[in-house]
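Asker: My questions concern the predicted model and sequence given below.
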Amino acid sequence: MKTSLRSLLAEKIAEIVNAIAAREGLGYQVGRIRIDYPPEYNLGHYASPVAMELSKVFRKPPRQIAEAIREGLLTDKQASQLISAVDIAGPGFLNITLQVAALSMVVRQKFSISRWLDMVFPIRQEPKTIVEFVSANPTGPLNIVSARAAAVGDSLCRILRRAGIPVHSEYYVNDYGNQVRLLGMSFAYRYAELQGHEICLPENAYQGEYIREVLQQILADESIPPELAPPERGSDLASWAEKAGEFFAPRGIARLVASQKSDLQSFRIHFDTFFHESTLHPAAVEAAFEKLKNLGALYEQEGAWFLASSRYGDDKDRVVIRSDGRPTYLMADIAYHLTKVDRGFSRIVDIWGPDHHGYIARLKGAMQAAGFLDARKQNSFEVLIVQQVNLLEEGKPVVMSKRLGRFQTMRDLTNRIPVDVCRYFFVTRGVSTHLDFDLEIATTQSNRNPVYYIQYAHARIHSIFRQAGIDFDSFEAELSGLEEYLSGDYRDELLYFTLRLPEEIEDIARNYEMQSLAEWLHQTATLFSKFYAQKERNNIVKTLKENPAEGRALLAIAAVTAQALAEGLSLLGIEAPREMTRDDAGEGS
RNA sequence: GCGCCCGUAGCUCAGUUGGAUAGAGCGCAUGACUACGAAUCAUGAGGUCGGAGGUUCGACUCCUUCCGGGCGCGCCA
């Protein structure tokens, strides 16, 4: 089967609708057929509201259209093999119930979730995609919003990749410009302080304690050239600091970036590349400028060059070259994004922090001006804004100020909360919601966290295999001929739900709503727990002894569930342990 | 002032691009281990979906307006 059950049904319904339209003499072709899930399992496996949507086009009552589609499905040779019933409910919902045999058609010889996903995806020719995320300034440790963006971006990449989409993940390092100068200067002042100077840090310097720590690392690794020794005590340090800063800045950035990379690594975040802004200057920036200028997207005014972004929906035009000739950050960012185009990516996804939303219009404007978003090209450029995380400590907000060095770092977070818990927490919420993270509650509740519930279900299945003395990895789930054992006691419900994984992945590849995968994992684990709690009928070890055929069916259900849970967890960068250690458990329960 | 995001159960959040009786976790109440792990299962209490209008077969979802919270509106990055 080269498609999910849902897509197959959607195709069939589309055929049927088009046939009806032709019969009625309407020159109408349906677009995407929406197929959802009924609110309750006993209503069916799939539900579609198409009949209601088509009511206007066909000028007929929804139920009448639904009836025609029902006829079509039941008389279609391929579809009728899968379907056991089509009910029309409420105002015109089509509720489709599949046959149990549909399960054994999917779970055939050598079946595994992983092989199945490999078969299903890619569903169509997929565009080369680049996802840029985190991209924090290399002037300090990563903060908690970066942690959220990292979890979101990395999970998205894993999911897109699983959907067969060629994905490249990238971190844009802003190692150029004014802030780099300020960073170097900050090191210089701290260095002077070490040399016995009374210093008064300029207000715009980075004040965090980490500046001192990184400075120590630099000093431990290399000696400072004598000509950079601080001037006489009491004299003004400003011009000296400027010069010495040029020495410290690149060294400091290298170490800060390394430290960020190590934070990301411990959060299981993978980047294919780190792209340094400094490599764009000057050649790529100049080339981008020339390109936009030749396309007529720029104009000169009062000695500066402006991008006419208001033509493309921005509130106003934006400066790209200052009147002193230096390019702005926007100009460099345009150059950077044009490299994405040059590198062959036709789908560009950026994940930005909450303070950048005002920036979307101008960058999109630039990409439009550059011809990337030409309607005929089918390219896309999407920006996801990850909203802020309010860090609370016992219900009170933790005040954050990066400049003053008072802020919660990603490291603080991961030191206190296990990575599995953090990553699950971050993707369970939609990216656009502001969310509160109470460290105190997160710490105490992490013991009762939903992520452990999912992992527990997974570990339990492996425990069953250990009890049964069957090797999980070489076991091959196979349901052909075992249909009679697949009904009731949550058996079919669990299997159907589990086999929806490709549909989840397919949806997320389109809408980026990753919280639905977290939800799916939780529901799958819940169904397994219910299945497992049917101790009379679903005791696998016992059934294997009493009725081997039925035992194999139950074992296959469990195996497929474990595979799907492991696969889903890994898509969120969460581990799927085969045993849970008691240390992780809540004590007071 | 303008723009973007958010407002759903006591708390933290889902709600499938307008669909069926608005859901989950935590917390609370009650019950279930001599059977593959009780980190579990079963049952229950808890909602004027921020307020008010509008659009239609149908609105938590779309539009208008108001209220409340957050963030942006540099020739900074």
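Answerer: Perfect, I can see it now.
Asker: Give me the pLDDT value at the residue nearest to A:Arg162 when sequence neighbours are not counted.
Answerer: Closest residue in space to A:Arg162, ignoring its immediate chain neighbours: A:Ile505 at 5.6 Å, by Cβ to Cβ, 6 or more residues apart in numbering. Using the backbone N, CA and C atoms, a C-beta is placed for each residue, glycine as well. The model reports A:Ile505 with a pLDDT of 95.
Asker: Check A:Arg403 too.
Answerer: At A:Arg403, pLDDT is 44.
Asker: same check, this time on the one 5 residues further on
Answerer: A:Gln408 carries a pLDDT score of 72 in this model.
Asker: Tell me the helix or strand right after the longest helix anywhere in chain A.
Answerer: Longest helix in chain A by number of residues (criterion: DSSP state H): helix A:238-266. For helix A:238-266, the following helix or strand on the C-terminal side (DSSP states H and E) is strand A:273-276.
Asker: to the chain's geometric centre, what's the distance from that next one?
Answerer: 19 Å (Cα atoms, centre = their mean, to the nearest Å).
Asker: I would like the residues contacting that strand, please.
Answerer: Residues outside strand A:273-276 that contact it (Cβ atoms under 8 Å, 6 or more residues apart in numbering): A:His168, A:Ser169, A:Glu170, A:Tyr171, A:Tyr172, A:Val173, A:Asp175, A:Val257, A:Lys261, A:Tyr336, A:Thr339.
Asker: Give the closest residue to A:Asp492 in space, chain neighbours not counted.
Answerer: A:Leu486 (5.3 Å).
Asker: how about the strands of chain A, start to end?
Answerer: Secondary structure of chain A, counting by DSSP state E: strands at A:46-48, A:83-89, A:93-98, A:129-132, A:167-173, A:273-276, A:298-301, A:304-307, A:318-321, A:347-352, A:380-385, A:389-393, A:396-397, A:435-438.
Asker: Give the residue farthest from the middle of chain A.
Answerer: A:Glu232 (53.7 Å; Cα atoms, centre = their mean).
Asker: hang on, the earlier thing: output the strands of chain A as TSV; include the columns distance to A:Glu290 and mean pLDDT.
Answerer: As requested, the strands of chain A are exported to TSV (distance: least, Cβ to Cβ, whole Å; pLDDT from 0 to 100):
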stretch	distance to A:Glu290	mean pLDDT
strand A:46-48	52	93
strand A:83-89	60	92
strand A:93-98	57	93
strand A:129-132	23	97
strand A:167-173	22	97
strand A:273-276	21	97
strand A:298-301	10	95
strand A:304-307	11	96
strand A:318-321	11	96
strand A:347-352	21	96
strand A:380-385	21	93
strand A:389-393	41	78
strand A:396-397	48	66
strand A:435-438	44	82
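Asker: Quick one: the ones you listed as CSV, columns for distance to RNA strand B too.
Answerer: Shown next, in CSV, are those (distance: least, Cβ to the nearest atom of the strand, whole Å):
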stretch, distance to RNA strand B
strand A:46-48, 3
strand A:83-89, 3
strand A:93-98, 4
strand A:129-132, 14
strand A:167-173, 10
strand A:273-276, 12
strand A:298-301, 7
strand A:304-307, 4
strand A:318-321, 4
strand A:347-352, 9
strand A:380-385, 6
strand A:389-393, 7
strand A:396-397, 9
strand A:435-438, 3
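Asker: would you list the ones you listed in JSON lines and tack on mean neighbour count?
Answerer: Listed next are these as JSON lines, based on neighbours: other Cβ atoms under 10 Å:
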{"stretch": "strand A:46-48", "mean neighbour count": "22"}
{"stretch": "strand A:83-89", "mean neighbour count": "17"}
{"stretch": "strand A:93-98", "mean neighbour count": "23"}
{"stretch": "strand A:129-132", "mean neighbour count": "24"}
{"stretch": "strand A:167-173", "mean neighbour count": "22"}
{"stretch": "strand A:273-276", "mean neighbour count": "16"}
{"stretch": "strand A:298-301", "mean neighbour count": "14"}
{"stretch": "strand A:304-307", "mean neighbour count": "20"}
{"stretch": "strand A:318-321", "mean neighbour count": "22"}
{"stretch": "strand A:347-352", "mean neighbour count": "22"}
{"stretch": "strand A:380-385", "mean neighbour count": "16"}
{"stretch": "strand A:389-393", "mean neighbour count": "18"}
{"stretch": "strand A:396-397", "mean neighbour count": "10"}
{"stretch": "strand A:435-438", "mean neighbour count": "16"}
